[in-house]
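Q: quick one, what's the 3D model for this:
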Amino acid sequence: MSQTSFLDEIQEINLAYLLLAQRLLVEDREAAMFRLKIDSELADLLVSLNARQLTKLARNNQLICRFSQTSVHQLRVITQNPRDQGLSGLHASLLSAREAFEELPVGESE
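A: Numbering: from 1, shown residues only. Model (predicted):
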């Protein structure tokens, strides 16, 4: 696969991510901020962007979205979970949610 093809795919992913983020924020702001792990200021900015601005932001050679689990151990716990299918999704969600709270510096939580 050529370098140009990779860049095109990254830009498509970026645009899809931005459009999804915008839609989630419009439908349920608090839940979207939690799922996207973003603050209120960034949520306001994303919702305010028009189609041209979204496209400009998406045309980046770097992915805008990132893994919320930054530890290999955390990813292994989620992907190699022996629990039954019903509980494994809940367990993965709890582990993912925990990550957002652990990154908050002291004094910034409400």
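Q: hang on, Arg35 packs against Leu24?
A: Yes - in this structure Arg35 lies within contact range of Leu24 using CB atoms under 8 Å: 6.7 Å. The way it works is simple: take the backbone N, C-alpha and C, and place the C-beta from them, glycine included.
Q: and Met33, what element?
A: Taking DSSP states H and E as the criterion, the element that holds Met33 is helix 29-36.
Q: now do Glu41
A: When elements are assigned from DSSP H and E, Glu41 belongs to helix 40-48.
Q: and that helix, what's its mean pLDDT?
A: Averaging pLDDT along helix 40-48 gives 97.
Q: any buried residues in it, and which?
A: Taking 16 or more other CB atoms under 10 Å as the basis for neighbour counts, the residues of helix 40-48 that come out buried are Ala43, Leu46.
Q: could you export that helix as CSV, CA atoms only?
A: Coordinates of the C-alpha atoms in helix 40-48 are reproduced here as CSV (Å, rounded to 0.1, in the frame of the first residue of the first chain):
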residue,chain,number,x,y,z
SER,A,40,-16.1,21.2,28.1
GLU,A,41,-14.0,23.7,26.2
LEU,A,42,-13.0,21.2,23.5
ALA,A,43,-16.6,19.9,23.4
ASP,A,44,-17.8,23.5,22.7
LEU,A,45,-15.2,23.9,19.9
LEU,A,46,-16.1,20.6,18.2
VAL,A,47,-19.8,21.4,18.2
SER,A,48,-19.2,24.8,16.7
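Q: relative to helix 29-36, how tilted is it?
A: Helix 40-48 runs at 100 degrees relative to helix 29-36, counting by axes from the mean of the first three to the mean of the last three CA atoms, to 10 degrees.
Q: give me the residues contacting helix 40-48.
A: Helix 40-48 is contacted by residues Leu18, Ala21, Gln22, Leu25, Val26, Arg29, Ala32, Met33, Leu36, Ile38 when judged by CB atoms under 8 Å, 6 or more residues apart in numbering.
Q: burial count for the fifth one?
A: By that I understand Val26. Using other CB atoms under 10 Å as the criterion, Val26 is surrounded by 11 other residues.
Q: for the third one, same thing?
A: Using other CB under 10 Å, Gln22 is surrounded by 17 other residues.
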